[in-house]
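> what follows is a protein structure lacking sequence information:
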């Protein structure tokens, strides 16, 4: 069984009650409350403050935000009553951001999202369906919450690992009654949320078993906006996936850390070419030279190449012409909650 207790690294869930107590721990925290002329109670080295409404709590947090030079020196938790003051503490700044961004935090903690899927076709087999990429979307279509906004809030609130884990679970679960066995699912993951691959990925592997998914149908795709310096750690993550029978992919090759040199170092099963190099590649000699270089080295290493962000027929034709294996983009099919048919004109 995988570990289910709250984990600081995985993100500690915390409910913001209408009324209750906030507990704050840190050096000179009582002095800070005295300076702000706020009534409080003291329990050992912690300050306990009762709030009568969410507006009162928000005002307190705003005052703390403007009075404290470094909120990272303080930790805090929210409680509904004094009887429940034993709880995992989180950084005060994370709590502040959770209060400011409460709707998206609730969205993350309750898992109020679904996976949309975007088709990927095989350029070597008459454009047959090869797989789908799973993309995070709100379960309520009336809510206009952008994925970039969700991940930004998760980062600021200490919930990035929780979001990443739950998004992986939803992507695996979404195969049921949607995607046939043998069709690949490309599932994004953030390497920075996986501290110990053998431990952190047990949840994912348990979900694969729970839903009776063939591991070889899953491709876990590295997505990371920040630079990763610890290449050995990333290699360990990819190795852990592979040892469990799954495939791995590098996203956005040509951007960020996913350079040509990384292909020989990490040896992924797939690489996805960044949209920047696909857009109008049929007309740009600089992009063509880069694509030729990628195709050459991946052929030598036995890596499957996928061009993403294809929006024009000319781009698709050029990618096929130079020997690219797979293709994905709006020209082929947009993300949808259900599996879509590939247009016959493709």
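Happy to help now that I have it. As the structure is a computational prediction, the values presented were derived from the model and not from experiment. Numbering: from 1, shown residues only.
> when you work out contacts or count neighbours from here on, use the C-alpha atoms and nothing else.
Will do.
> now do the same contact list for the spatially most central residue of the chain.
By CA atoms, centre = their mean, the chain has its centre lying nearest to residue 164, at 4.1 Å. Residues in contact with residue 164, defined by CA atoms under 8 Å, 6 or more residues apart in numbering, are 189-190, 193.
> likewise for residue 324?
Listed by CA under 8 Å, 6+ apart, the contact partners of residue 324 are 123, 295, 305-307.
> which ones among these map onto helices?
residue 295 (DSSP state H).
> ok, and the most crowded of the contacts of residue 324?
Within these, most neighbours by other CA atoms under 10 Å means residue 307, with 26 neighbours.
> that residue touches residue 328, doesn't it?
Yes - Residue 307 lies in contact with residue 328 (CA atoms under 8 Å); the separation is 6.2 Å.
> the residue nearest to the centre of the chain: which element?
Using DSSP states H and E, residue 164 maps to helix 160-173.
> so what's the gap between that helix and the chain middle?
7 Å (CA atoms, centre = their mean, to the nearest Å).
> and the next element down the chain from it?
Moving toward the C-terminus from helix 160-173, the next helix or strand (DSSP H and E) is strand 184-189.
> which neighbouring elements make contact with that next one?
Here strand 184-189 touches strand 128-138, helix 160-173, strand 218-222, going by 3 or more CA pairs under 8 Å, 6 or more residues apart in numbering; DSSP states H and E.
> got a pLDDT number for residue 118?
Per-residue pLDDT puts residue 118 at 97.
> out of the contacts of residue 164, who's nearest residue 97?
residue 193 (19.0 Å; CA to CA).
> got phi/psi on the nearest residue in space to residue 166 that is not next to it in sequence?
Closest residue to residue 166 in three dimensions, ignoring its sequence neighbours and counting by CA to CA, 6 or more residues apart in numbering: residue 111, at 6.8 Å. Main-chain dihedrals, residue 111, degrees, to the nearest 10: phi 60, psi 40.
> tell me the SS of residue 272?
strand (DSSP: H, G, I helix; E, B strand; the rest coil).
> quick one: it from residue 299, how far?
14 Å (CA to CA, to the nearest Å).
> tell me the most buried of the helices and strands packed on strand 184-189?
strand 218-222 (a mean of 24; mean count of other CA atoms under 10 Å).
> now the angle from that strand to strand 128-138?
60 degrees (axes from the mean of the first three to the mean of the last three CA atoms, to 10 degrees).
> taking strand 218-222 as reference, get the angle to the helix or strand containing residue 241.
Using DSSP H and E, the element containing residue 241 is helix 231-243. With the same axes, to 10 degrees as the basis, helix 231-243 and strand 218-222 are set at 170 degrees to each other.
> neighbouring contacts of the helix or strand hosting residue 106?
Assigned by DSSP H and E, residue 106 belongs to helix 102-110. Residues from elsewhere that reach helix 102-110 (CA under 8 Å, 6+ apart): 13, 98, 113, 150, 153-154, 157, 159, 162-163.
> pull out the buried positions in that helix.
102, 104-109 (16 or more other CA atoms under 10 Å).
> give me the angle between that helix and helix 160-173.
Using the same axes, to 10 degrees: helix 102-110 against helix 160-173 is 60 degrees.
> one step back: show me which of residue 272 and residue 299 is the more surrounded one.
residue 272 (23 against 13).
> would you mark the buried spots in stretch 23-33?
Buried-residue list, stretch 23-33, by 16+ other CA under 10 Å: 23-26, 29-30, 33.
> centre of the chain to that stretch, how far?
34 Å.
> just stretch 298-314 next, same as before
23 Å.
> also stretch 292-310?
For stretch 292-310, the distance to the chain centre is 24 Å (CA atoms, centre = their mean).
> residues in contact with it?
Contacts to stretch 292-310, defined as CA under 8 Å, 6+ apart, come from residues 260, 263-264, 267-275, 278-279, 316, 319, 322-332.
> residues of stretch 269-282 that come out buried?
In stretch 269-282, counting by 16+ other CA under 10 Å, buried: 269-275, 277-282.
> burial of the residue nearest to residue 166, as a residue count?
Neighbour tally, residue 111, other CA under 10 Å: 17.
> next one, pLDDT for it please.
91.
> now swap in residue 212 and tell me
For residue 212, pLDDT reads 95.
> which helix or strand contains it?
Going by DSSP H and E, residue 212 is not in any helix or strand.
> for it, give its distance to residue 247.
With CA to CA as the criterion, residue 212 and residue 247 are 17 Å apart.
> which one's more surrounded, these two?
residue 247 (23 against 12).
> next up, phi/psi of the more buried one, please.
phi -110, psi 160.
> thinking again about what came up before, need the contacts of residue 164 in TSV (columns: pLDDT and neighbour count).
Listed next are the contacts of residue 164 as TSV, based on pLDDT from 0 to 100; neighbours: other CA atoms under 10 Å:
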residue	pLDDT	neighbour count
189	92	19
190	88	18
193	88	19
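> could you pull out the helices for this structure?
Along the chain, counting by DSSP H, helices occupy 29-35, 54-67, 92-100, 102-110, 147-157, 160-173, 197-200, 202-210, 231-243, 260-266, 275-278, 285-301, 313-321.
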